[in-house]
Each structure stands twice: as structure tokens, then as C-alpha cells.
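> quick one, fold the following:
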Amino acid sequence: MDTCEFQSSCFFYSNLMKNRPRTLEYIKEEYCDSNYSMCARFMIFKSKGPCKVSNYLFPEDIQEACKMLDDLN
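You can find the predicted model right below:
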């Protein structure tokens with residue numbers, strides 16, 4: 001299975017959700033292990049680098065990611 005290349009360094013995955021194992025498992029299945037190109041965090045990470053990704057941006061916050069990318073351009 002193809003997984004997100006940033007999973008091991010993703011603050012959201014490794015820190016923010018560590019106390020919410022059921023939510024983390026859902027996110028991992030939904031984004032990290034399959035549809036990572038649809039992850040808002042991945043989009044910003046890939047196009048602008050890790051320092052531009054908000055620690056609190058949720059993977060499904062595509063609209064917020066698009067606004068952030070517009071602001072960064």
C-alpha cells in the first residue's frame with residue numbers, strides 16, 4: 001500500500017491525535033494510507049514546505065488549505 005511520505009514527520013499524525021486512537025486510525029486509513037494527495041496538510045507540505053503547515057490544520061480542511069496557498073502565493 002502506498003502511504004504518505006510525510007506521515008512520520010506530520011505533527012497532526014504524530015502529536016495532536018496520539019491521545020485519540022480511534023480518530024487517528026480513521027485519519028490514517030482515510031488519508032495517510034490511501035488518499036494522502038487529498039489531505040490539506042499534504043497539499044501545503046508538498047507545495048510550500050513543512051514550516052508552512054499549521055499544526056492544527058485538519059486533513060479534511062481543503063478550503064482552508066486553498067486559502068492558505070492563495071495567501072502564500
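> longest helix anywhere in this protein?
For the chain, the longest helix by residue count, based on DSSP state H, is helix 62-72.
> what is the mean pLDDT for that helix?
The average pLDDT for helix 62-72 rounds to 90.
> please apply the same query to stretch 40-54.
91.
> which residues in this protein form helices?
With DSSP H as the criterion, the chain has helices spanning 11, 21-27, 40-48, 62-72.
> and the contacts of the longest one?
With C-beta atoms under 8 Å, 6 or more residues apart in numbering as the test, helix 62-72 has contacts from 38, 40-41, 43-44, 47-48, 52, 54, 57. Just so you know, the C-beta spots here come from the backbone N, C-alpha and C atoms, and that holds for glycine as well.
> is it possible to get TSV of those that adds distance to I27 and neighbour count?
Formatted as TSV, the contacts of helix 62-72 follow (distance: C-beta to C-beta, whole Å; neighbours: other C-beta atoms under 10 Å):
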residue	distance to I27	neighbour count
M38	12	13
A40	12	23
R41	10	26
M43	15	21
I44	16	21
S47	21	13
K48	21	14
K52	20	14
S54	16	15
L57	12	21
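> how about those residues, which pair is most distant?
Greatest spacing in the contacts of helix 62-72, by C-beta to C-beta: M38 and K52 (18.3 Å).
> picking up where we left off before, now the longest helix of the chain: buried residues?
With burial defined by 16 or more other C-beta atoms under 10 Å, the residues of helix 62-72 counted as buried are 65, 68.
> show me the contacts for Y26.
No contacts exist for Y26 under C-beta under 8 Å, 6+ apart.
> and L57, by the same measure?
Contacts of L57 by C-beta under 8 Å, 6+ apart are 12, 40-41, 44, 64-65, 68.
> take these and write them to JSON lines, including distance to N19.
Output for the contacts of L57, formatted as JSON lines (distance: C-beta to C-beta, whole Å):
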{"residue": "F12", "distance to N19": "13"}
{"residue": "A40", "distance to N19": "21"}
{"residue": "R41", "distance to N19": "19"}
{"residue": "I44", "distance to N19": "24"}
{"residue": "E64", "distance to N19": "23"}
{"residue": "A65", "distance to N19": "24"}
{"residue": "M68", "distance to N19": "26"}
